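The following comprises the amino acid sequence and a computationally predicted model.
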Amino acid sequence: MKPIVAIVGRPNVGKSTLFNKLVGDRIAIVDDQPGVTRDRLYRETDWLGTEFVIVDTGGLEPRNKDFMMTKIKQQAEVAINEADVILFVVDGKAGVTALDEEVAYILRKKNKPVILCVNKVDNFQRQSDDVYDFWSLGFEFLLPISAEHKLNLGDMLDTIVQNINQLELPEEEEEGLKLAIIGKPNAGKSSLVNRLSGKERAIVSDIAGTTRDAIDTTFEYNYNKYILIDTAGIRRKSKVEESLEYYSVLRAIKTIKRSDVCMLMLDAQEGITEQDKKIAGIAYDEKKPIIVVMNKWDALKKETNTMKDMKALILSELPFLNYAPVEFVSALTGQRTLKLLDLADTVYDEYTKRISTGILNTVLKEALILNAPPTRKGRLVKINYATQISTAPPRFVLFCNYPDLIHFSYLRYLENKFRDAFGFEGSPIDIILQKKG
Ligand code: GDP
Ligand code: GDP
């Protein structure tokens, strides 16, 4: 579990600039998958070998002052509850504002490391004393920086790493299949948690503190043990926080990273929203096995094609999840909810499946004969050999004379052929091209 570093602060202090400088080129990762939401709020990065996840709080529309005030305070609350280290950015040119003080007040309430970054200090020779006015906000770590000119960012990163190294390590994880139920507020996540872990399932216990304030719910079904992870976040019913998109996204990142299988919960009454896409995009990015759970099926007036139409809608709105099985359930009545557990076992088996090299190459050869890689730039492109190098997710290396000349759509073709032959239902597949004669 990589620690989470959140950037907070009022608008225009330079948060996004800082985020972009910190993640650098990594933001330009090209992903040809259609439909993946591109405005990511978080990235994995590292400094001197220490890896962490950096999260930007995202833009706020300045509607009016009161609205702004509330939103910024909410973001600070979320960060102090969910992140491991907080970068509190202020504007060194503007001096300490009332809003900075409000945010500081919230951030001081918990004993989490906060690094106060006084930004827009563009000239370290002519640094004014104003920077030190910010000590009044009451934080142990204060650093003048310039995000735009990349000044002092090294010291800032050192301070982040120093704080990360002092974090308490999470305890050993419980045995069992870790299921993440993810989705936007009101999709029915807590109803499903209650259903699945209900009395008849013989709850083992609510286990606190596996990672910070996460609460996991463990239960048994058919002699298998399951862990619904991070049910604290799901059950916590402070709707102020839940309504925040940023909150759900931050929570989702943490939960998805820890999970073995993700259940993406959609609300059949609402269809598929931007927020659904964003959360689905995280699960996809993290290369986790995914089950699409279409909930509130009881509430829908169903006709012959309702299910088929819904599947088509999912495929068109979330095309990158085309490998994920879809289940239509009602957390309210319990209809088909147990089936989700069987499905979770299945997709996890697929995710951890290994294909023997002989069979893999037979399938590859057939696919190549049926549809050879197109000749490009006058060169004959050849794929000679494939092998599976790892599981969870299944990862295949294909040895090729000109890897750069193979188009993404051809890899898609091969992926589909592999899926036809081997299944991998619910599991992402990675195909890597490696240059070899
Ligand atoms: P956010 O709203 O907090 O995300 O702020 P932005 O990153 O959008 O930056 C707001 C403005 O401050 C932009 O015009 C940036 O170019 C500017 N800015 C950001 N960092 C610096 C800096 O280090 N020095 C100066 N002079 N301007 C900066
Ligand atoms: P969460 O915010 O994702 O945890 O959602 P909740 O479990 O709190 O559910 C939100 C609302 O949807 C509640 O009023 C539930 O009673 C209702 N709900 C949840 N599941 C179902 C379902 O399968 N069918 C119907 N009709 N309502 C549901």
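Happy to help now that I have it. Ligands and ions are numbered 1, 2, ... in the order given.

Just list the residues touching the closest residue to Thr17 other than its chain neighbours, thanks.
Distances taken as CB to CB, 6 or more residues apart in numbering put Ala147 closest to Thr17, at 4.2 Å, once the chain neighbours are dropped. Every residue, glycine included, has its C-beta placed from N, CA and C. By CB atoms under 8 Å, 6 or more residues apart in numbering, the residues touching Ala147 are Gly14, Thr17, Leu18, Lys21, Val89, Asn119, Lys120, Leu153.

If you rank those residues by neighbours, which is first?
The residue in those with the most neighbours, by other CB atoms under 10 Å, is Val89 (28 neighbours).

What confidence value was assigned to that residue?
Looking at Val89, its pLDDT is 95.

The one 5 residues further on now?
The model reports Ala94 with a pLDDT of 92.

Look up phi and psi at it.
phi -90, psi -20 (degrees, to the nearest 10).

which ones are touching it?
Val13.

From here on, call the first residue 443.
Renumbered: residue one is now 443, and that last one reads Ala536.

What's the separation between it and ligand 1?
Ala536 sits 10 Å away from ligand 1, going by CB to the nearest ligand atom, to the nearest Å.

interface residues of this protein facing ligand 1?
451, 453-459, 561-562, 564, 588-591 (CB under 6 Å from any ligand atom).

From those, pick the one nearest Ser832.
The shortest gap between Ser832 and any of the residues of the chain next to ligand 1 belongs to Ser458, at 35.2 Å (CB to CB).

same for the strand or helix carrying the closest one, what does it pack against?
Taking DSSP states H and E as the definition, Ser458 sits inside helix 457-465. When contacts are defined as 3 or more CB pairs under 8 Å, 6 or more residues apart in numbering; DSSP states H and E, helix 457-465 packs onto strand 446-450, strand 484-489, strand 492-498, strand 527-533, strand 556-561, helix 595-607.

Could you dump those into JSON lines with distance to Met752 added?
Listed next are those as JSON lines, based on distance: least, CB to CB, whole Å:
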{"stretch": "strand 446-450", "distance to Met752": "34"}
{"stretch": "strand 484-489", "distance to Met752": "30"}
{"stretch": "strand 492-498", "distance to Met752": "32"}
{"stretch": "strand 527-533", "distance to Met752": "41"}
{"stretch": "strand 556-561", "distance to Met752": "45"}
{"stretch": "helix 595-607", "distance to Met752": "43"}
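
Distance to ligand 2 for the ones you listed - can I get that in JSON lines?
Below are the helices and strands packed on helix 457-465 laid out as JSON lines (distance: least, CB to the nearest ligand atom, whole Å):
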{"stretch": "strand 446-450", "distance to ligand 2": "22"}
{"stretch": "strand 484-489", "distance to ligand 2": "21"}
{"stretch": "strand 492-498", "distance to ligand 2": "22"}
{"stretch": "strand 527-533", "distance to ligand 2": "26"}
{"stretch": "strand 556-561", "distance to ligand 2": "30"}
{"stretch": "helix 595-607", "distance to ligand 2": "31"}
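
Relative to Thr697, which of the ones you listed is closest?
strand 446-450 (11.8 Å).

Pop the domain breakdown of this structure in here.
Per the TED database, the structural domains of the chain span 446-608, 619-794, 799-877.

ranking the ones you listed by burial, who's on top?
Among the domains of the chain, domain 619-794 has the highest mean neighbour count (mean count of other CB atoms under 10 Å), at a mean of 19.

Just the terminal-to-terminal distance for that domain.
With CA to CA, to the nearest Å as the measure, domain 619-794 spans 13 Å from end to end.

Quick one: mean pLDDT for that domain?
84.

Centre of the chain to that domain, how far?
Put simply, domain 619-794 sits 14 Å off its chain's centre (CA atoms, centre = their mean, to the nearest Å).

got it, and stretch 565-582?
35 Å.

and that stretch, how far apart are its ends?
End residues of stretch 565-582 are separated by 23 Å (CA to CA).

And the helix holding Ser458, how far out from the chain middle?
Distance, centroid of helix 457-465 to centroid of chain: 19 Å (CA atoms, centre = their mean).

try stretch 819-826
Counting by CA atoms, centre = their mean, stretch 819-826 comes out at 37 Å from the chain centroid.

ranges for the helices of the stretch 543-692 of the chain?
572-575, 595-607, 631-639, 673-677, 681-684, 687-700 (DSSP state H, counting those that start in this stretch).

Distance of the closest residue to ligand 1 within the stretch 743-879 of the chain relative to Val734?
At 27.9 Å from ligand 1, Phe762 is the closest residue in the stretch 743-879 of the chain, using CB to the nearest ligand atom. Separation of Phe762 from Val734 (CB to CB, to the nearest Å) stands at 12 Å.

helices or strands next to the longest helix anywhere in the chain in the packing?
When the chain is parsed with DSSP state H, its longest helix is helix 507-524. Contacts defined by 3+ CB pairs under 8 Å, 6+ apart place helix 507-524 against strand 446-450, helix 540-550, helix 681-684, helix 687-700.

again, only this time at 10 Å
strand 446-450, strand 492-498, strand 527-533, helix 540-550, strand 556-561, helix 681-684, helix 687-700 (3 or more CB pairs under 10 Å, 6 or more residues apart in numbering; DSSP states H and E).

tell me the angle it makes with helix 540-550.
20 degrees (axes from the mean of the first three to the mean of the last three CA atoms, to 10 degrees).

Compute the inter-axis angle for helix 507-524 and strand 492-498.
Using the same axes, to 10 degrees: helix 507-524 against strand 492-498 is 160 degrees.

Using PDB, write out every CA atom in helix 507-524.
In PDB, the C-alpha atoms belonging to helix 507-524 read as follows (Å, rounded to 0.1, in the frame of the first residue of the first chain):
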ATOM      1  CA  LYS A 507     -17.500  33.200  -1.500                       C
ATOM      2  CA  ASP A 508     -19.500  31.200   1.000                       C
ATOM      3  CA  PHE A 509     -19.800  28.200  -1.300                       C
ATOM      4  CA  MET A 510     -16.000  28.400  -1.800                       C
ATOM      5  CA  MET A 511     -15.300  28.600   1.900                       C
ATOM      6  CA  THR A 512     -17.400  25.500   2.500                       C
ATOM      7  CA  LYS A 513     -15.900  23.500  -0.300                       C
ATOM      8  CA  ILE A 514     -12.300  24.300   0.700                       C
ATOM      9  CA  LYS A 515     -13.000  23.400   4.300                       C
ATOM     10  CA  GLN A 516     -14.500  20.100   3.200                       C
ATOM     11  CA  GLN A 517     -11.400  19.300   1.100                       C
ATOM     12  CA  ALA A 518      -9.200  19.900   4.000                       C
ATOM     13  CA  GLU A 519     -11.300  17.600   6.200                       C
ATOM     14  CA  VAL A 520     -11.100  14.900   3.600                       C
ATOM     15  CA  ALA A 521      -7.400  15.300   3.200                       C
ATOM     16  CA  ILE A 522      -6.700  15.100   7.000                       C
ATOM     17  CA  ASN A 523      -8.900  12.000   7.300                       C
ATOM     18  CA  GLU A 524      -7.700  10.100   4.300                       C
END
